[in-house]
Every structure is written in C-alpha cells, then in structure tokens.
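K.L.:
I would like to see how this sequence folds:
(one chain, ligands or ions: 2)
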Amino acid sequence: MLSTSGLRYRYRQGPYESTPFELVARDLAVAAGTTLAIVGPSGCGKSTLLSLLAGERVPTAGEVRFGDVRVSALSDAERRRFRIMTVGLVFQEFRLLDYLSVLDNILLPCRLHPALPLDDRMRRRAHDLAERLGIGALVTRPPQRLSHGERQRVAVARGLLAKPKLLLADEPTGNLDPVGKRRLLDELLALATDDGAAVIVATHDHGLLSAFHQVYDFAAADAEVA
Ligand code: ADP
Ligand code: MG
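P.N.:
Ligands and ions are numbered 1, 2, ... in the order given. Predicted coordinates:
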C-alpha cells in the first residue's frame with residue numbers, strides 16, 4: 001500500500017524566476033492491486049508528484065510510505081534500490097535508447113542496478129511482455145524504426161519487467177487516437193494489477209478516468225487547499 005501525508009515539494013529558485021513552483025498534495029492511499037489516476041492540466045504538478053512517489057525527489061515536507069517503508073526518509077542509495085526493486089516507471093517521453101534493440105530497451109532496468117541481475121528468467125519475462133503487448137515481432141528492431149504507439153508499448157513493457165509492486169506511468173497514452181489510448185491503458189492496468197501492483201497513472205485526459213478505481217484531481221485538490 002502506497003500512502004502520503006502532508007506532502008509538499010518546492011523547486012529551488014532559478015536565477016530568472018521570482019517564485020518557484022510549490023506542490024501541495026492532498027493525502028492519497030493506493031492499495032495493492034488497485035489503480036489511481038492523477039489528473040489535471042499541463043503544469044499542475046503531476047510529474048512532480050510522481051517523482052516524489054518514485055523516490056526520485058525528496059519532499060520538502062510530509063512523507064511517502066510504501067508498506068512499512070518510509071521512502072522519503074531513506075538514504076539516496078536506499079531510495080535507488082527501492083526504485084529498482086519495487087517501482088516500475090513508464091516515462092512521459094519514454095526514454096528509449098536508439099542504439100539498443102527493443103528487447104534490450106525492455107531489459108534496461110537490469111543494466112542499471114546489480115540488485116536486478118539480467119538472467120534467463122528476465123529475458124523470458126521481456127519476451128513474454130512483448131508478446132502480450134503486441135510487439136513480439138519487433139524485439140530485434142531499434143526503437144527509431146517503430147511507430148509512436150509501438151514505442152509506447154516498449155516503454156510499458158520496460159516498466160513492468162521486474163514485476164513492480166508499484167507502477168508509475170506518466171501520460172503513457174499521449175498522442176494515441178482515443179481507441180488506441182483506451183486499449184493500451186486497459187492492457188497496462190490489467191498486466192500490472194494481475195501481478196498485484198498498485199498503479200498510478202498521470203493523465204490530462206478526463207475521458208480515461210472511468211478505467212481507474214480512484215481519481216486524484218488536481219483541480220479538486222487546489223480547491224481543498226485554498
Ligand atoms: P505536469 O506534469 O502536471 O505538466 P510538472 O510536475 O511537470 O507538471 O510541473 C509543475 C510545475 O513545476 C511547472 O510549473 C513546471 O514549470 C515546474 N517545474 C517542473 N520541473 C521543474 C524543475 N526541474 N525546476 C523548476 N521548476 C520545475
Ligand atoms: Mg508531466
């Protein structure tokens with residue numbers, strides 16, 4: 001179970017800004033096997049909130065807990081290990097590497113941390129995810145020879161590789177047609193929750209919200225805080 005309390009994050013002031021952005025987040029709780037959408041317009045703080053939940057950034061105030069772990073109180077090294085072992089990430093801009101094949105892009109988390117070794121079980125898992133996401137025939141290609149929608153599927157497969165207990169996806173269905181969006185989202189949610197993950201997806205697309213158990217709406221959060 002992921003939960004937050006009193007979460008705030010203020011970016012450091014740059015040389016050319018008067019007031020840096022401050023995120024003030026309503027408390028949230030997401031149980032294993034359930035899904036939450038984070039919705040709000042561009043610039044409202046969705047990606048910032050996800051980076052706090054992933055342990056990439058440390059809150060200025062409040063805390064993030066995952067089960068018994070106070071993520072926001074861990075050291076940098078412990079947070080990195082938490083991220084690789086517990087969290088699957090699907091990034092907004094995919095972060096695929098053009099010099100690696102689709103398969104090696106899916107397996108990339110194994111190259112980033114010794115706690116997640118690249119073995120035959122992982123290779124089988126990568127192939128299996130590629131099949132289930134409809135890109136099984138494309139695994140030897142470099143990502144620049146894929147369509148946008150296919151690249152999105154590679155990013156989803158990578159996020160799911162290590163059977164994460166927490167899957168965080170940042171606008172994973174952007175730039176798809178409405179039918180394609182809903183199909184990829186349903187596949188992502190089913191694959192992740194089948195393995196018992198808690199899933200959090202940032203989106204600015206209100207048309208997708210019926211797919212989720214819970215919705216965190218930044219507009220409602222602002223009204224509450226004001
Ligand atoms: P969203 O994902 O909802 O579009 P973000 O979380 O990316 O919103 O951004 C929220 C606000 O934080 C924006 O005003 C943005 O300009 C600001 N911001 C994002 N990243 C940084 C950063 N690295 N330094 C300073 N401000 C940032
Ligand atoms: Mg964003």
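
K.L.:
and the nearest residue in space to residue 191 that is not next to it in sequence, what does it touch?
P.N.:
Of all residues not flanking residue 191 in the chain, residue 160 sits nearest, at 5.6 Å (CB to CB, 6 or more residues apart in numbering). All C-beta atoms are positioned from the backbone trio N, CA, C, and that covers glycine. For residue 160, the contact set (CB atoms under 8 Å, 6 or more residues apart in numbering) comprises 88, 129, 167, 188, 191, 192, 195.

K.L.:
hmm, which of those residues are the buried ones?
P.N.:
88, 129, 167, 188, 191, 192 (16 or more other CB atoms under 10 Å).

K.L.:
Give me the helices and strands touching the longest strand belonging to the chain, please.
P.N.:
In the chain, with assignment by DSSP state E, the single longest strand is strand 2-10. If you count contacts as 3 or more CB pairs under 8 Å, 6 or more residues apart in numbering; DSSP states H and E, strand 2-10 packs onto strand 22-24, strand 29-30, helix 46-53, strand 61-66.

K.L.:
touching ligand 2 at all, the third one?
P.N.:
Which is helix 46-53. Yes. Counting by CB under 5 Å from the ion, ligand 2 is contacted by helix 46-53 at 46, 47.

K.L.:
Indicate whether that helix makes contact with ligand 1.
P.N.:
Yes. Using CB under 6 Å from any ligand atom, helix 46-53 reaches ligand 1 at 46, 47, 48.

K.L.:
Relative to residue 3, how far out is the first one?
P.N.:
Taking CB to CB, to the nearest Å as the measure, residue 46 falls 18 Å from residue 3.

K.L.:
who has more neighbours, these two?
P.N.:
Neighbour totals were compared for residue 46 and residue 3, and residue 46 leads with 25 against 16 (other CB atoms under 10 Å).

K.L.:
Residues of this protein that sit close to ligand 1?
P.N.:
So the chain meets ligand 1 at 11, 20, 21, 40, 42, 43, 44, 45, 46, 47, 48 (CB under 6 Å from any ligand atom).

K.L.:
Settle this for me: the first one is touching residue 19, isn't it.
P.N.:
Right, residue 11. No. Using CB atoms under 8 Å as the test, residue 11 is too far from residue 19 to be in contact (9.9 Å).

K.L.:
Pick out whichever of those two has more residues nearby.
P.N.:
Remark: of residue 11 and residue 19, residue 11 carries more neighbours, 14 against 8, as counted by other CB under 10 Å.

K.L.:
Once you drop chain neighbours, what's closest to the more buried one?
P.N.:
Using CB to CB, 6+ apart, the closest residue to residue 11 is residue 20 (4.3 Å).

K.L.:
Tell me who's in contact with that neighbour.
P.N.:
Applying CB under 8 Å, 6+ apart, the residues near residue 20 are 10, 11, 12, 13, 14.

K.L.:
Good, wrapping up.
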